[in-house]
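In: Provided below are the primary sequence and the corresponding predicted coordinates.
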Amino acid sequence: MNKEVTPYQKQDSGKKEQVAEMFDNISGSYDFLNHFLSMGIDNLWRKKAIAQLEDIQPQKMLDVATGTGDFALMANKRLSPQLITGIDISEGMLKVGLKKMENKGLTDKIHLQYGDSEKMPFDDDRFDAITVAYGVRNFETLLKGLKEMYRVLKKDGRTVILEFSNPKKFPVKQAFNLYFKYILPTIGKMVSKDNRAYTYLPESVKAFPEGEAFLSILKEAGFINVRQVKLSGGITTIYIGEK
């Protein structure tokens, strides 16, 4: 299982509380930094992840760790489901996301609400598809969160998870490490004013049980037909599991 890495390394609060605090702190600058720091390639990664659901045409979707709702917005545009429910533990991120949905007139298609990935407020077998973009490594208890996702997924439903990974081959590995260790934290700190948020990011990616290790955890949670698709030389990975 993954090594415990927390944003602020506080003794009086757990990972879940610290992650919520971190995203509350950076919610105002998150969208800008997210696209700027990835040089826009994050949109391509999201499109490829959503494409994994095109053949099942999901009508009721759940977006876990939805943040400001960018992944939900793209899924709505490309898949046209009846409803997407997005949950997150950061009230600050949800506030930005709700404003975004209101401005786009999509509150009837994308419903954002507070929700803990490890204790979801939904009945069993509720959703045709579940998505998570760069959120599972922030789960306090990874297996527990994945089991909850499995519980609320319908039979024959599909889960698609997009997460950072550590590239192994030259020169992508060297360039990735340089960028993640030095450039990203410096820019992130300057813009977000949070000294830890963009230092925690590479630390959490390094500690995450990627690749085959994560596929094994998906199986342990109950998922079948698990598989992975590596993108951009292994910088990010799409993980797929079914029920």
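Out: Looks like it arrived, so ask away.

In: In the protein, what helix or strand scores lowest on average pLDDT?
Out: helix 30-37 (a mean of 75; mean pLDDT, DSSP states H and E).

In: what's the helix or strand following that helix in contact with?
Out: Stepping forward along the backbone from helix 30-37, the first helix or strand reached (DSSP states H and E) is helix 41-50. Residues external to helix 41-50 that are found in contact with it (Cβ atoms under 8 Å, 6 or more residues apart in numbering): 34-35, 70-71, 74-75, 78-79, 131, 133, 160, 162, 229, 231-232, 236, 238. Heads up, the C-betas are built off the backbone N, CA and C, glycines and all.

In: now with 6 Å?
Out: Here helix 41-50 makes contact (Cβ atoms under 6 Å, 6 or more residues apart in numbering) with 71, 74-75, 78, 160, 162, 231, 236, 238.

In: Out of those residues, the closest to residue 89 would be?
Out: Closest approach between the contacts of helix 41-50 and residue 89, by Cβ to Cβ: residue 71, at 15.9 Å.

In: looking at this, that closest one is in a helix?
Out: Yes: assigned with DSSP: H, G, I helix; E, B strand; the rest coil, residue 71 falls within a helix.

In: right, and it touches residue 133 too?
Out: Yes: the pair residue 71 / residue 133 is scored as a contact, 4.2 Å apart, by Cβ atoms under 6 Å.

In: ok, back up a step: tell me which residues of the least confident helix or strand of the chain are tucked away?
Out: 30-31, 33-34, 37 (16 or more other Cβ atoms under 10 Å).

In: Off-centre distance for it?
Out: Put simply, helix 30-37 sits 15 Å off its chain's centre (Cα atoms, centre = their mean, to the nearest Å).

In: sec struct for residue 6, please.
Out: Once three-state DSSP is applied, residue 6 turns out coil.

In: Would you mind listing the buried residues in the longest helix along the chain?
Out: Identified as the longest helix of the chain according to DSSP state H is helix 91-104. By neighbour count on 16+ other Cβ under 10 Å, the buried set for helix 91-104 is 92-94, 96-98, 100-101.

In: could you give the angle of the helix or strand following that helix to helix 91-104?
Out: With elements assigned by DSSP H and E, the helix or strand that comes after helix 91-104 is strand 110-114. Here strand 110-114 points in a direction 160 degrees away from that of helix 91-104 (axes from the mean of the first three to the mean of the last three Cα atoms, to 10 degrees).
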